[in-house]
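Asker: Here is a sequence together with a model predicted from it:
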Amino acid sequence: AVRLRAIVKDFRCPVCKEELNEIYLGNDPNKALKELNKGQPLKGPKEPKLGLVFASESVKEDVERLFDYRCWHQRCLQNKECFPTIE
């Protein structure tokens with residue numbers, strides 16, 4: 001869902017195809033459901049352009065790594081480096 005939002009600008013659920021203004025990314029889905037059932041907005045760092053709400057800063061960092069251009073080959077001398085493009 002995250003990559004669809006970022007690359008294709010598709011804000012629909014990948015399963016039911018309903019348009020979703022925000023999605024919650026976290027380790028405990030029950031926590032998000034409890035907050036929503038109480039009528040409370042989801043709290044945490046946000047990425048407004050993509051409509052993402054993160055449970056914590058560490059979850060946000062994990063998601064941001066999905067878009068890093070890194071070499072994952074273990075013997076690569078630059079595998080710790082993040083490249084700005086893949087050109």
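Answerer: Here it is on my side, so go on.
Asker: If you count contacts, what does whatever helix or strand Lys60 lives in end up packed against?
Answerer: Secondary structure from DSSP states H and E places Lys60 in helix 57-65. Packing partners of helix 57-65 (3 or more C-beta pairs under 8 Å, 6 or more residues apart in numbering; DSSP states H and E): strand 23-25, strand 52-54. All C-beta spots, glycine's among them, are computed from the backbone N, C-alpha and C.
Asker: outside of that helix, which residues touch it?
Answerer: With contact meaning C-beta atoms under 8 Å, 6 or more residues apart in numbering, helix 57-65 is reached by Val2, Leu25, Gly26, Asn27, Gly44, Pro45, Glu47, Leu52, Phe54.
Asker: isn't the last one right up against Pro48?
Answerer: No. Using C-beta atoms under 8 Å as the test, Phe54 is too far from Pro48 to be in contact (11.9 Å).
Asker: Compare these two (neighbour count), which wins?
Answerer: Here Phe54 and Pro48 are compared on neighbour count by other C-beta atoms under 10 Å; more neighbours surround Phe54, at 21 against 8.
Asker: what's the pLDDT at the more buried one?
Answerer: In this prediction, Phe54 carries a pLDDT score of 92.
Asker: for it, which residues make a bridge with it?
Answerer: Beta-bridge pairing of Phe54 under DSSP bridges involves Leu25.
Asker: From the contact counts, what lies against the helix or strand of the chain with the lowest mean pLDDT?
Answerer: Here the helix or strand of the chain ranked lowest by mean pLDDT, DSSP states H and E is helix 29-37, holding a mean of 77. Packing partners of helix 29-37 (3+ C-beta pairs under 8 Å, 6+ apart): none among the helices and strands.
Asker: so how far is that helix off the chain centroid?
Answerer: 18 Å (C-alpha atoms, centre = their mean, to the nearest Å).
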